[in-house]
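Peer 1: Could you work out the structure for the sequence below:
(chains A, B, C, D, E and F)
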Protein chains: 6
Amino acid sequence: MKNDKAKEILKLGLPKGSLQEAALAKMAKAGFNIQVSSRSYVPYVDDEELDIRMFRAQEISRYVEHGYLDCGITGHDWVMENGSKVHEVGEFLFSKVSRRPARWVLCVPENSPIKSVKDLEGKRIATEVVNLTKRYLKKNGVKAEVEFSWGATETKAHELVDAIVDVTETGSSLRANKLRIVDELLSSTPRLIANVDAWKNPWKRQKIETMALLLKGALDAEALVGLKMNIAEKNLAKLLADLPALRNPTIANLSLKGWVAVETIIDEKIVRELIPQLKAAGAEGIIEYPLNKVVY
Amino acid sequence: MKNDKAKEILKLGLPKGSLQEAALAKMAKAGFNIQVSSRSYVPYVDDEELDIRMFRAQEISRYVEHGYLDCGITGHDWVMENGSKVHEVGEFLFSKVSRRPARWVLCVPENSPIKSVKDLEGKRIATEVVNLTKRYLKKNGVKAEVEFSWGATETKAHELVDAIVDVTETGSSLRANKLRIVDELLSSTPRLIANVDAWKNPWKRQKIETMALLLKGALDAEALVGLKMNIAEKNLAKLLADLPALRNPTIANLSLKGWVAVETIIDEKIVRELIPQLKAAGAEGIIEYPLNKVVY
Amino acid sequence: MKNDKAKEILKLGLPKGSLQEAALAKMAKAGFNIQVSSRSYVPYVDDEELDIRMFRAQEISRYVEHGYLDCGITGHDWVMENGSKVHEVGEFLFSKVSRRPARWVLCVPENSPIKSVKDLEGKRIATEVVNLTKRYLKKNGVKAEVEFSWGATETKAHELVDAIVDVTETGSSLRANKLRIVDELLSSTPRLIANVDAWKNPWKRQKIETMALLLKGALDAEALVGLKMNIAEKNLAKLLADLPALRNPTIANLSLKGWVAVETIIDEKIVRELIPQLKAAGAEGIIEYPLNKVVY
Amino acid sequence: MKNDKAKEILKLGLPKGSLQEAALAKMAKAGFNIQVSSRSYVPYVDDEELDIRMFRAQEISRYVEHGYLDCGITGHDWVMENGSKVHEVGEFLFSKVSRRPARWVLCVPENSPIKSVKDLEGKRIATEVVNLTKRYLKKNGVKAEVEFSWGATETKAHELVDAIVDVTETGSSLRANKLRIVDELLSSTPRLIANVDAWKNPWKRQKIETMALLLKGALDAEALVGLKMNIAEKNLAKLLADLPALRNPTIANLSLKGWVAVETIIDEKIVRELIPQLKAAGAEGIIEYPLNKVVY
Amino acid sequence: MKNDKAKEILKLGLPKGSLQEAALAKMAKAGFNIQVSSRSYVPYVDDEELDIRMFRAQEISRYVEHGYLDCGITGHDWVMENGSKVHEVGEFLFSKVSRRPARWVLCVPENSPIKSVKDLEGKRIATEVVNLTKRYLKKNGVKAEVEFSWGATETKAHELVDAIVDVTETGSSLRANKLRIVDELLSSTPRLIANVDAWKNPWKRQKIETMALLLKGALDAEALVGLKMNIAEKNLAKLLADLPALRNPTIANLSLKGWVAVETIIDEKIVRELIPQLKAAGAEGIIEYPLNKVVY
Amino acid sequence: MKNDKAKEILKLGLPKGSLQEAALAKMAKAGFNIQVSSRSYVPYVDDEELDIRMFRAQEISRYVEHGYLDCGITGHDWVMENGSKVHEVGEFLFSKVSRRPARWVLCVPENSPIKSVKDLEGKRIATEVVNLTKRYLKKNGVKAEVEFSWGATETKAHELVDAIVDVTETGSSLRANKLRIVDELLSSTPRLIANVDAWKNPWKRQKIETMALLLKGALDAEALVGLKMNIAEKNLAKLLADLPALRNPTIANLSLKGWVAVETIIDEKIVRELIPQLKAAGAEGIIEYPLNKVVY
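Peer 2: Model prediction:
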């Protein structure tokens, strides 16, 4: 029995390095607690149906494509760079502050004469995403030399090459290096991807889908908060009419005659505008509380 | 359109150094996510109407007074030391553990003959708050030399000067240096202060007030928790009568006949005394949950 | 008055070192905020009835037994190793990931001929728990030399001694050192222990019991989450019948006719299986929220 | 006996902070090994005639002037800023890489209209050296407001003030902040300074002078190296004539007829030019060795 | 004048990352003091004729080949991997402990059936040196898939690929991962390389050669020590005959009749065997001293 | 052949922890370069005849006694505490600053009534050296309880026990804890110890003695420096007569008539007194240089 059961294992790849901490934290919020040990390359996870491996984000899509992994979390950019044939299960936004995607952009020094991709003809470009860049040039009918950069690409634009293709989130590192963005090649977010065959296996697919559902629930919950308040019944209709943000609230009767409790889930970003309005509309005892997961 | 809008910017100063981490965390709880970058002296904030600068707490009131900043968070002590003419919007307590204000105290070695401020006549005092100390001496009719101390003031009291004026929260550092407190000059807490002209500008004032409301809601929430329990309706009246701490509870009917759910917000500090009493009064399924913000 | 009151102090010992951070975090969740200062060996706690001391986990039971401490948190293993006569108040699980107890195991190199404790006759064993090991050998009628190991015990099994008795949680460090577990001597979890006389003192006992109740409430809450959802009344009975995990839910009437809000507290571990089932059963707006304390 | 002897103590102040590590290393090279303990504000030194205190460089000249210290190592800048009346015993260069003095410079944003000190009339200047700056303005007949900056002065020049007076060694931090140097107020190097009365005390003066001699010997040795080579006697005259850098070499007879050993002390900076020339001139077996101290 | 002079600049590339600290330390021993600042990508060097850039070791040969750099220090392995056409000026050993070259080796799991390169036919190999590996396979007439590994290559040999080509110095990391070395592809040491055109420019070539001479002098000196001793003249001949390691000693007459001073430079590694022998041969007052540079 | 040779291995134990860095540095100065890897418990050493293991200083003497190690470096204190029967080869002083031995002292609170060991009758003592303490009490005819302290012993003297036996070098930690030294039990320095049988093996003994000779040469060299100066021949006799510290100088003739070079090795501690005297006696061009090893 146990042996049969033991065969049902899902191999999941998670990214090492800059995305690692965020990926592990999100998995924990989704309900999968993972412990990475310096002694072993196999992390511990409190789900016997999962077998986890950590790789550089750049490599995961390749191993998912080859079937060494059933599924993995990696950036859309590296799926594209590697040209991996995989099934994309879902998209997730990890970064709390900006929730902005990573952008791969073509940059030149602020005072460079290069104004568009067309001006790159015959030039030299340094980048970590050689394939993406070559495809982009081809699409634009431009011939230029593309060389692999092992890092610190933004420091090379001033002396060593004519342009770079680098990743940025807020653009501040580019500005600090006095670079100008000429074009955007790709906007990338973290994805859960699956091996094509694994996706056809019913048990694996269900396991992956459940994981995606929980992960989505956890990530959605980061951007949302619970809001609860008491209000006189007579003011309720106007409150709901004026504040469409309070969509589908749960309205519970209170023992205090004429009063109800209104509870809803809203985007944390609008709380700072909403609270003064709620007070103005007669709401009392407004409390905001954190959520672990939200599944509609 | 966009240009007109772009003019409506509030410049906010936040303290660097020891208060920095707390200030950023509280702002995040209030709904303003800020990212400080080593590459830029302008932090990123996810509110386009805010423009944030980080300064030493000692300097903020001066820049608010001069109008370089519209408002700022700093300690009451440095507003007083600088003698800055600013509008005080609100007071906030940051420290979770003690919630005690910082105290600027006059100290001497344990075995010093100095017993009161009067004994300082003709003596030498080292301090970081030269102006506060001079005003204090003047008020007490004492003439003494006050010199600026660049730090580690508490080590100077034994050899270099006759007394010091230093800041303490719990007094433990003073005791470790065998110093005795003679008098307290000032008790200080963090404040949100505004430039006098900015406060007269309706848009800026509303923006500042909203920020203060959310910050207060977030800080209040740190000291409070949500408490929920089920109780038989027949026991409810006695429960509420005996436990005045449960002020203004929300009482919801349950489908189980004869039972109600009682929910309230209380000071976290009294939970440890309250829970045993609630159990004794017949409450069941007591749960305590965290809050992000509380606005009455 | 105050003086009489001041006599009612409970001396609590907390573990330094590897357990320290967890112990302080759990105490904070229980409502006791503690600040450890490098300047003083007496930590600050926001409860005037508590006097806290930090010791190595190995030493606490001895000081509780002697009465220098009224109570303390330490591992069951060190109570046993020291043979301390103390009252055990409660057991607590600290580690979020595995919630597995620490196990003291007899180990030998993978390729050692030793297969059972009987094979240790005349051998040499290195361990940090000399007394536990001697008692274990005696119980098994085996005579062997036991020597105290000052640390890094697992590296000694291959060259210096024939076997070791070492502590492990997941066994990964043992595997990395190519060691095989022969037997388990003791499984240990953190405990709250009390001095026998302190336990007879009504004030101290009540104080200890309250602390244990709150600590248990906080630890239980770590493994539990709140779950809330809306469901049509007609689907409710089936939902509850099919999902016994939803024991004792609070069911509140909503103003929307025919719908109720179901709220319950469940083990976080089953959420990942439960949520897909809830959706299938017709639940909507499912949210999971964190808990600080749960007291049934 | 011992008591009389015990009175002959020299109190020496050394700088904390950025200069601390260098100052302690140089003292060690001079033969005075000092151990700073986090437990005590009195460092240990292996010379019973010395009593060492650590202060911020800004404060040392004041305490030397007042006589709390007999002598101290601090920057010339802070002696001048404090206007301290002390005896300057010697100047020392600490930094190996550049051996350039610290320069206090008047800076403005690159694109500021301010071109000279005269353009500061009526402006506002931020600086850590308020007194130096005021004296400089007065000397130039300019009236401007000078305010004390608590740090990060270079970030203030763009928004908060019109100009700053800041310290720089290589100017790279100024360039990174897009600032332009308008004028230099002061060039500063570390100094050994003495209290005027201590300098009149023969024992103290001799102790200070010996310390200065050894410190100078140690610092000189950092910029120098020993160079040794063998050369045929017939080539010696030409070698010495052509290479005046080899001043005052020690020439020793070797047992090998017609050969001598030439040994000298030279500036490390010229070694990289000299060695190829020495080889060309017939020198063999050239070795360069490090020196601890050099006293001419 | 200055402008003409300013044109004579040598652009030198130094490796970032694991080789960086060693490279900067060796340059300093050679007489070139370099300061890397986080604020600027152009390091400061105390030689106005040098212009330094830091790159990943992997990239330097490419930039030297292209002429962006006149010369650079990098590993022989990356010159080969990149297939860069550059002039090799000299070889240097950086590591004090082992002075062993880095070896790129073909590895498989200990229990793999692969015994030689021939067994790789149709297999998959992960490596950071894709070109080197492909050339190696071609030379051996083997067809296999080679994929680029972004790091942690040694963890991939057990599951993801059939073999890896990885770098090792002592082999301990390979053993820890239970890998077996099948073959060695390349043995690599740090090299000073020059651009072909720069090498033809007389000024640049002389500057590079001087730098190489000094660097070699500094590196040689690390493996050597000075040894000095006194010996009676009558024992001298036998000492020199018996100990050929004392090649070309400098023998100086002492004023003490019948005694001479013997001084020589020897390999530090043989000192531990030599000193007991010297004592036995009648040498007295043996001292060993460190060297900065040695140029024969 | 190689196999026979391979049997001649000396197993050396070195201390982990606080002594580790110093022990490895001293071994390197003696000519044995050791590399400790986190991946392996067997350090690499560049001498194939040595096999090194790292243990806690407390354990080494036991493993030397049992023969698992042929020799080891550890403190005299732990040899005594363990009562290990080993051959002591030599004593070494590691600490540059104080060169003072570690002292195990009996301490009590400053205001304790305990004035001598006799006052300990019936008291309780905490210590890390239980055996040493019991022997000391027995020797003094005192009966007291001795309990093992797992660390931070000095904090226990005020509340938990009546006295402690703790280790101190400068006494500053004891003073900071307001403890008074009652008596000294043992003064301890690092020792090279050998297993009794290994010492009888000629090859091992010679290997150990060579290592001891080199280690002593390296440690002696730390306290010594080379001093070289030129002096007119006519002043030489007086110089040598007046300065007996210049024992056995090497006096070499210079080519400059009437001048000699005087070179000697002296204790670094007296340099600071000697240099002014040398100058006064007519010495010129005095240089001090560092030594690696000194073997008389």
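Peer 1: Any idea which residue of the stretch 151-296 of chain A lies closest to chain D?
Peer 2: A:Ala176 (9.3 Å; Cβ to the nearest Cβ). All C-beta atoms are positioned from the backbone trio N, CA, C, and that covers glycine.
Peer 1: What is the neighbour count of that residue?
Peer 2: Here the number of neighbours of A:Ala176 (other Cβ atoms under 10 Å in any protein chain shown) works out to 14.
Peer 1: in chain A, which residue is closest to the centre?
Peer 2: Of all residues in chain A, the one closest to the mean position by Cα atoms, centre = their mean is A:Leu93, 2.5 Å from it.
Peer 1: Please name the residues that touch that one.
Peer 2: A:99, A:101, A:189-190, A:219 (Cβ atoms under 8 Å, 6 or more residues apart in numbering or on different chains).
Peer 1: which outside residues touch stretch A:37-56?
Peer 2: A:8-17, A:20, A:32-36, A:63, A:69, A:72, A:207, C:97-98, C:170, C:172-173, C:175-176, C:269, C:272, E:150-152, E:155, E:159.
Peer 1: Write a ChimeraX command that selects only the buried members of those residues.
Peer 2: To isolate the buried ones among the contacts of stretch A:37-56 in ChimeraX, judged by 16 or more other Cβ atoms under 10 Å in any protein chain shown, type:
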select /A:10,11,12,13,14,15,16,32,33,34,35,36,63,69,72,207 /C:170,173,269,272 /E:150,152,155
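Peer 1: Let's see which of the contacts of stretch A:37-56 end up in strands.
Peer 2: A:10-16, A:34-35, A:72 (DSSP state E).
Peer 1: Which one of the residues you listed is nearest to chain E?
Peer 2: The closest of the ones in strands among the contacts of stretch A:37-56, once distances to chain E are taken by Cβ to the nearest Cβ, is A:Lys16, at 7.5 Å.
Peer 1: so where's the stretch 101-250 of chain A shaky on pLDDT?
Peer 2: Scanning the stretch 101-250 of chain A for pLDDT under 70 picks out A:246-247.
Peer 1: Which residue ranges of it form strands?
Peer 2: Counting by DSSP state E, counting those that start in this stretch, one finds strands in the stretch 101-250 of chain A at the ranges A:102-109, A:124-127, A:145-148, A:163-168, A:179-188, A:190-194, A:224-232, A:250-253.
Peer 1: Can you name the residues that contact A:Cys107?
Peer 2: The neighbourhood of A:Cys107, defined by Cβ under 8 Å, 6+ apart, consists of A:154, A:157, A:163-166, A:174, A:179-182.
Peer 1: what sits opposite it in the beta ladder?
Peer 2: Beta-bridge pairing for A:Cys107 (DSSP bridges): A:Ile164, A:Ile181.
Peer 1: Leaving out chain neighbours, which residue sits closest to A:Glu145?
Peer 2: A:Arg124 (4.6 Å; Cβ to Cβ, 6 or more residues apart in numbering or on different chains).
Peer 1: So which bits of the stretch 1-150 of chain A are right by chain E?
Peer 2: The stretch 1-150 of chain A comes close to chain E at residues A:16, A:41, A:53, A:55-56, A:58-59, A:62-63, A:66, A:68, A:147, A:149-150, as judged by Cβ under 8 Å from any Cβ of the partner chain.
Peer 1: which of these has the most neighbours?
Peer 2: Highest count within those by other Cβ under 10 Å belongs to A:Phe55, 28 neighbours.
Peer 1: For it, give me the pLDDT.
Peer 2: At A:Phe55, the model reports a pLDDT of 91.
Peer 1: same deal with A:Gly282?
Peer 2: 90.
Peer 1: Please apply the same query to A:Glu21.
Peer 2: Reading off the model, A:Glu21 has pLDDT 86.
Peer 1: Also A:Ser98?
Peer 2: A:Ser98 is given a pLDDT of 50.
Peer 1: which ones are touching A:Ala23?
Peer 2: Counted by Cβ under 8 Å, 6+ apart, A:Ala23 has contacts A:14-15, A:73, A:94, A:190.
Peer 1: Where is pLDDT lowest across the residues you listed?
Peer 2: Confidence-wise, A:Phe94 trails the rest of the contacts of A:Ala23, at 68.
Peer 1: Next step: the contacts of A:Leu93 restricted to helices.
Peer 2: Using DSSP state H, A:Leu219 are the members of the contacts of A:Leu93 that sit in helices.
Peer 1: rewinding a little: I'd like the ones in strands among the contacts of stretch A:37-56 as TSV, with distance to A:Trp78 appended.
Peer 2: TSV is the format used below for the ones in strands among the contacts of stretch A:37-56 (distance: Cβ to Cβ, whole Å):
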residue	distance to A:Trp78
A:Leu10	21
A:Lys11	18
A:Leu12	16
A:Gly13	12
A:Leu14	13
A:Pro15	9
A:Lys16	13
A:Ile34	21
A:Gln35	25
A:Gly72	10
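Peer 1: So which bits of the stretch 101-250 of chain A are right by chain C?
Peer 2: Near chain C, when you scan the stretch 101-250 of chain A using Cβ under 8 Å from any Cβ, you find A:210, A:213-214, A:217, A:221, A:226, A:248, A:250.
Peer 1: swap the cut-off to 6 Å and go again
Peer 2: Contacts of the stretch 101-250 of chain A with chain C, taken as Cβ under 6 Å from any Cβ of the partner chain, map to A:210, A:214, A:250.
Peer 1: Closest one to chain E out of those residues, please.
Peer 2: A:Thr210 (25.0 Å).
Peer 1: quick one: contacts for the closest one?
Peer 2: Listed by Cβ atoms under 6 Å, 6 or more residues apart in numbering or on different chains, the contact set of A:Thr210 reads C:Pro276.
Peer 1: where's it relative to A:Gly90, distance?
Peer 2: Going from A:Thr210 to A:Gly90 by Cβ to Cβ, to the nearest Å gives 12 Å.
Peer 1: Kindly report the same for A:Pro43.
Peer 2: A:Pro43 sits 22 Å away from A:Gly90 when distances are taken as Cβ to Cβ.
Peer 1: residue with max distance from the center of chain A?
Peer 2: A:Lys257 (46.3 Å).
Peer 1: Let me know the secondary structure of that one.
Peer 2: coil (DSSP: H, G, I helix; E, B strand; the rest coil).
Peer 1: Check A:Glu65 too.
Peer 2: Going by three-state DSSP: A:Glu65 is helix.
Peer 1: Let me know whether it touches A:Asn82 as I believe.
Peer 2: No. Contact between A:Glu65 and A:Asn82 fails when scored by Cβ atoms under 6 Å: they sit 7.6 Å apart.
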